[in-house]
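Novice: structure for this input, please:
(4 chains)
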Number of protein chains: 2
Amino acid sequence: MSNSKKHTLAIVDDHLLFASSLEKLINTFPEFQVLFKARHGLEMQNELKGNDTIPDLILLDINMPVMNGFETVAWLTENHPKVKVLALSVEDNEGIILKMIRGGAKGYFLKDIHPDDLKFALLEVMEKGYYYSERVTSTMVNALQPGAKEPTVKLRENELTFLQLACSEMTYKEIADVMHLSPKTIDGYRQELFNKLGIKNRVGLVIYALKNHLIEL
Amino acid sequence: MSNSKKHTLAIVDDHLLFASSLEKLINTFPEFQVLFKARHGLEMQNELKGNDTIPDLILLDINMPVMNGFETVAWLTENHPKVKVLALSVEDNEGIILKMIRGGAKGYFLKDIHPDDLKFALLEVMEKGYYYSERVTSTMVNALQPGAKEPTVKLRENELTFLQLACSEMTYKEIADVMHLSPKTIDGYRQELFNKLGIKNRVGLVIYALKNHLIEL
DNA sequence: AATGAATACAGGGAAAACCCCGTTGTTTTA
DNA sequence: TAAAACAACGGGGTTTTCCCTGTATTCATT
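Specialist: Modelled structure (predicted):
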């Protein structure tokens, strides 16, 4: 295959070692060539501005500093709708998958994927415009099944704030103070969350917040 | 450099894509050659048995299924003390660093390291026997400073079990049941942990367990 | 103008969590 | 071998969490 016919791509990932290694791997695929690497969305934006050739495809990490995968994919669908985005993550989480797909990602896979499968996925995306693994497909089907499960519990602004504060050593009264609300209102939020999320006590709140990345560490 | 003089190494990491990519990268270093890859400690053990040439150096991930980095480095120092182990992790955590060093690792670095630095580290380890970045060095110094801080709070077997169970929606009474102990004993563990760890309530326990990787998810 | 949903809040009570102080037996250590 | 630390447990009390029911207000819908 001649050089000019190669598909071009970019890698956006803050793990330098991974990004550099992946570049080497992908450059061994005759159909592809890595144009550039960036450590996060902002760096990618600068690369896209400085370069006149934009890549056909972008491999996008989700957990990044400065500008993460969600923000980046949103920006790309807005500013470069033709560029195909493949999300790359360590985490197998339904919520994350859906968030990226809704953001415009054309595919999603885990970092424990086999290199051969990666190559297949890359080719599929260039050919068909998308690549969804079984895992991702089932997640989407699940999400669209109306009866089965609630899509993703929607939290109101105040509920989210409360939930985050509940993941600390503060008492509910103290939380009420910093939120400038009555302790009884907080009590209502708590009860409502217990019902919505199907949990029994405050530890359940913490676990939920952690699993759904509503708080850090 | 002739082939026979190359240093040999192995990569132990459950992220197939990363491992394969890293292999490609390292094989571009003229001084090194990847002998094999494994997805976790157990798979590595089998590789070591099946192969008659053991690698000079092993790049070891920490978070792995089946047999993690801590267990693996312990096994290696026991069974193959000549093999140099370099720990590779995404997390910059003092506790983890110390745990690996104490286990016998000759170096520790984060996955966001620059490829050039990786190469330098690999060469250093083969030449001097160890490679410690500034970050790791300062961590070790900190740990050995006698006055400054308590090393790391030591948890007894039962306290650890209790702590892990406390990170669920179980009541203390239920925890007492599954541990076959009186609720009052559990009460004592709780109180003791609060004192040792300087926390005020159960949420504090959960946060501590999470930060110190005493529980998963 | 009536209805209903959403939001902030209150009373009151039961259950859990939190805290201190004390006992017994065992094991470790000075 | 005595002192100290450890381990399991109990009495009893305060605070926080949990839970149910109910009210006043707002705001959009019919």
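Novice: looking at the residue of chain A found nearest DNA strand D now. What's its pLDDT?
Specialist: Closest contact between chain A and DNA strand D, by CB to the nearest atom of the strand, is at A:N201 (2.9 Å). C-beta: built from backbone N, CA, C; applies to glycine. With respect to pLDDT, A:N201 has a value of 96.
Novice: and A:E150, by the same measure?
Specialist: Value for A:E150, per-residue pLDDT: 45.
Novice: end to end, how far does stretch A:98-117 reach?
Specialist: Terminal residues of stretch A:98-117 lie 21 Å apart, using CA to CA, to the nearest Å.
Novice: and if you look at stretch A:87-96?
Specialist: First-to-last distance for stretch A:87-96 - CA to CA - comes to 10 Å.
Novice: do that stretch and chain B meet?
Specialist: Yes: under the criterion of CB under 8 Å from any CB of the partner chain, stretch A:87-96 makes contact with chain B via A:V90.
Novice: outside of that stretch, which residues touch it?
Specialist: Applying CB atoms under 8 Å, 6 or more residues apart in numbering or on different chains, the contact partners of stretch A:87-96 are A:13, A:59-63, A:69, A:73, A:100, A:105, A:107-112, A:135, A:139, A:142-143, A:152, A:211-213, B:15, B:90.
Novice: same check on stretch A:153-172?
Specialist: With CB under 8 Å, 6+ apart, stretch A:153-172 has contacts from A:175, A:178-179, A:181, A:183, A:186-187, A:189-190, A:192-193, A:196-197, A:202, A:205-206, A:208-210, A:214-215, B:199-201, B:203-204, B:207.
Novice: out of those residues, who's near DNA strand C?
Specialist: For DNA strand C, the contacts drawn from the contacts of stretch A:153-172 by CB under 7 Å from any atom of the strand are A:L181, A:P183, A:D187, B:K200, B:N201, B:V203.
Novice: looking at this, the first one is in a strand?
Specialist: No: using DSSP: H, G, I helix; E, B strand; the rest coil, the assignment for A:L181 is coil, not a strand.
Novice: gap between it and B:K154?
Specialist: Distance, A:L181 to B:K154, by CB to CB, to the nearest Å: 41 Å.
Novice: of those two, who's got more company?
Specialist: A:L181 (16 against 9; other CB atoms under 10 Å in any protein chain shown).
Novice: which residue packs closest to that one, ignoring adjacent ones?
Specialist: A:N158 (7.9 Å; CB to CB, 6 or more residues apart in numbering or on different chains).
Novice: what helices and strands are in contact with the lowest-mean-pLDDT helix or strand in chain A?
Specialist: Lowest on mean pLDDT, DSSP states H and E among the helices and strands of chain A sits helix A:134-144, with a mean of 77. If you count contacts as 3 or more CB pairs under 8 Å, 6 or more residues apart in numbering or on different chains; DSSP states H and E, helix A:134-144 packs onto helix A:94-103, strand A:107-110.
Novice: residue numbers of chain A in contact with DNA strand D?
Specialist: So far as CB under 7 Å from any atom of the strand goes, chain A lies against DNA strand D at A:T171, A:Y172, A:K173, A:D187, A:G188, A:R190, A:Q191, A:F194, A:K200, A:N201, A:R202, A:V203.
Novice: would the helix or strand harbouring the fifth one count as contacting chain B?
Specialist: It stands for A:G188. Element membership of A:G188, judged by DSSP states H and E, is helix A:183-197. No: on the criterion CB under 8 Å from any CB, helix A:183-197 is out of touch with chain B, staying 10.4 Å away.
Novice: please enumerate the helices of chain A.
Specialist: In chain A, the segments counted as helices under DSSP state H are A:16-27, A:41-50, A:69-79, A:94-103, A:115-128, A:134-144, A:157-166, A:172-179, A:183-197, A:202-211.
Novice: next, format those as CSV and append distance to A:T8 and mean neighbour count.
Specialist: Listed next are the helices of chain A as CSV, based on distance: least, CB to CB, whole Å; neighbours: other CB atoms under 10 Å in any protein chain shown:
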stretch, distance to A:T8, mean neighbour count
helix A:16-27, 11, 22
helix A:41-50, 12, 16
helix A:69-79, 15, 18
helix A:94-103, 22, 19
helix A:115-128, 10, 16
helix A:134-144, 24, 14
helix A:157-166, 40, 17
helix A:172-179, 50, 15
helix A:183-197, 44, 15
helix A:202-211, 37, 19
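Novice: where in chain A is pLDDT low?
Specialist: A:1-4, A:143-152 (pLDDT under 70).
Novice: try it again with 90
Specialist: A:1-6, A:50-54, A:63-70, A:78, A:89-104, A:107, A:109-113, A:129-156, A:212-213, A:216-217 (pLDDT under 90).
Novice: got the domain ranges for it?
Specialist: Domain ranges of chain A: A:3-144, A:157-211, per automatic domain parsing.
Novice: would CSV of these with distance to B:E43 be doable?
Specialist: Formatted as CSV, those follow (distance: least, CB to CB, whole Å):
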stretch, distance to B:E43
domain A:3-144, 13
domain A:157-211, 28
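Novice: thinking again about what came up before, want to throw the helices of chain A into a markdown table with distance to A:V85?
Specialist: Shown next, in a markdown table, are the helices of chain A (distance: least, CB to CB, whole Å):
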| stretch | distance to A:V85 |
| --- | --- |
| helix A:16-27 | 16 |
| helix A:41-50 | 11 |
| helix A:69-79 | 5 |
| helix A:94-103 | 8 |
| helix A:115-128 | 9 |
| helix A:134-144 | 14 |
| helix A:157-166 | 27 |
| helix A:172-179 | 37 |
| helix A:183-197 | 31 |
| helix A:202-211 | 25 |
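Novice: tell me the residues of chain A that contact DNA strand C?
Specialist: Counting by CB under 7 Å from any atom of the strand, the residues of chain A that sit close to DNA strand C are A:R156, A:N158, A:L181, A:S182, A:P183, A:K184, A:T185, A:D187, A:G188, A:N201.
Novice: from B:L35, how far out is the fourth one?
Specialist: Shown here: A:S182 relative to B:L35, a distance of 66 Å by CB to CB.
Novice: these two: which is more packed in?
Specialist: For A:S182 and B:L35, the more surrounded residue by other CB under 10 Å is B:L35, and the numbers stand at 18 against 11.
Novice: surely the more buried one touches B:I11?
Specialist: No: applying CB atoms under 8 Å as the test, B:L35 and B:I11 come out as separate, 9.1 Å apart.
Novice: what sits against the closest residue to chain B within chain A?
Specialist: Using CB to the nearest CB, A:S21 is the residue of chain A that sits closest to chain B, at 3.4 Å. Taking CB under 8 Å, 6+ apart, we find A:S21 in contact with B:F18, B:S21, B:L22, B:E23, B:K24, B:L25, B:P115.
Novice: same thing but at 6 Å, please
Specialist: B:S21, B:L22, B:L25 (CB atoms under 6 Å, 6 or more residues apart in numbering or on different chains).
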